[in-house]
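Visitor: return atomic coordinates for the entry below.
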Amino acid sequence: MNLQQLRYLNEIVRQGLNISSAAEALFTSQPGISKQIKQLEEELGIEIFVRSGKRIVAITEPGKVVLSIAQRMLHDANNLKQVGQAFCAQDAGILTVAATHTQARYALPPAVKQFMGRYPKVKLGLHQGSPTQIAEQVLHGEADLCIATESLVLYEGLVTLPCYEWHHCLITPPEHPLLKENVLTLAKIAQYPIVTYDFAFSGRSKINDAFAKAGVTPDIVLSAIDADVIKTYVELGLGVGILAEIAFVPQREPHLCKINTRHLFEANTTRIAIRKNEYLRAYTYDFIELFSPHLTRKVVTDAMQCST
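Guide: Sure thing, here's the model as predicted:
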């Protein structure tokens, strides 16, 4: 048994049980992977995969146990490399952060700027995607950490920590009738077409819950994955917009007006997520603290230890 066999096993599962795709991803040959998996099965005395001819169609129950152990071993092997790199070059390396558009565009820039000034030798990568996409990137080792509002707590393999709370606001074109309302209600908002986030993004579930509890059906004419699209279509007169307060910058949006809706929608919590049992470089702890000052190295370390 060797780590290469475990890598082959893991990649086959990642590629939807497609050996050809796994071979392509690992820059090797399909027969070579098949041979190594067969040798692993013979050594363990079990069948890891269910086969139909030359095709793999499922993973067996003992195979699932083997896969879980293999993934832990590959993770630990990667951690060993990280330890060596950390002590050889404490202020150099790579940090990959995955985030949703709102976080990357409006929340992250100050922390990124400070971090790059403090660690000029660290190559910082920023991936954007949906909450599901960025969580999967961390789980698969493609990103070191991810930042989002929705979904992260649903993943067993992640340690999640709260960063900050935020609220939604309403945006309208100038002189819109809602700007003259003394007491804004959900029923009054629902009288107009609404442009807001897609369901998987930026607290959309809180928006839906608020309207549902009030017994009001909103006329959502457009769902978008980022705030800039929402603002664009509100400015074009397609409707009123509901978006994260942090995404509205008055100096940059002179043709739009903001209305406070904190009394209408529940607060949202943005979270940072790290893979369980991950070895974090010192500069990763610093980045987390720059983004969310209360998440000190001790707080993060304690959370990681509790998760195990």
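
Visitor: ok, now which ones touch residue 104?
Guide: 126, 128 (C-beta atoms under 8 Å, 6 or more residues apart in numbering). (Each C-beta comes from the backbone N, C-alpha and C, glycine too.)

Visitor: list phi and psi for it.
Guide: phi -70, psi -40 (degrees, to the nearest 10).

Visitor: do the same with residue 116
Guide: Here is the backbone geometry of residue 116 (degrees, to the nearest 10): phi -70, psi -30.

Visitor: could you do residue 158 as well?
Guide: phi -120, psi 150.

Visitor: residue contacts, it?
Guide: 135, 138-139, 152, 273-276.

Visitor: how many neighbours does residue 27 have?
Guide: 6 (other C-beta atoms under 10 Å).

Visitor: what is the neighbour count of the nearest residue to residue 181 once chain neighbours are set aside?
Guide: Among residues not flanking residue 181 along the chain, residue 188 sits closest, at 5.9 Å (C-beta to C-beta, 6 or more residues apart in numbering). Number of residues near residue 188 (other C-beta under 10 Å) recorded here: 13.

Visitor: shouldn't residue 188 be in contact with residue 178?
Guide: Yes - judged on C-beta atoms under 8 Å, residue 188 makes contact with residue 178 at a distance of 6.6 Å.

Visitor: residue 257 reaches residue 174, doesn't it?
Guide: Yes - applying C-beta under 8 Å, one finds residue 257 in contact with residue 174, separated by 5.7 Å.

Visitor: pick out whichever of the two has more residues nearby.
Guide: Between residue 257 and residue 174, counted using other C-beta under 10 Å, the more crowded position is residue 257 (18 against 9).

Visitor: look up how far residue 229 lies from that one.
Guide: The gap separating residue 257 from residue 229 is 18 Å, by C-beta to C-beta, to the nearest Å.
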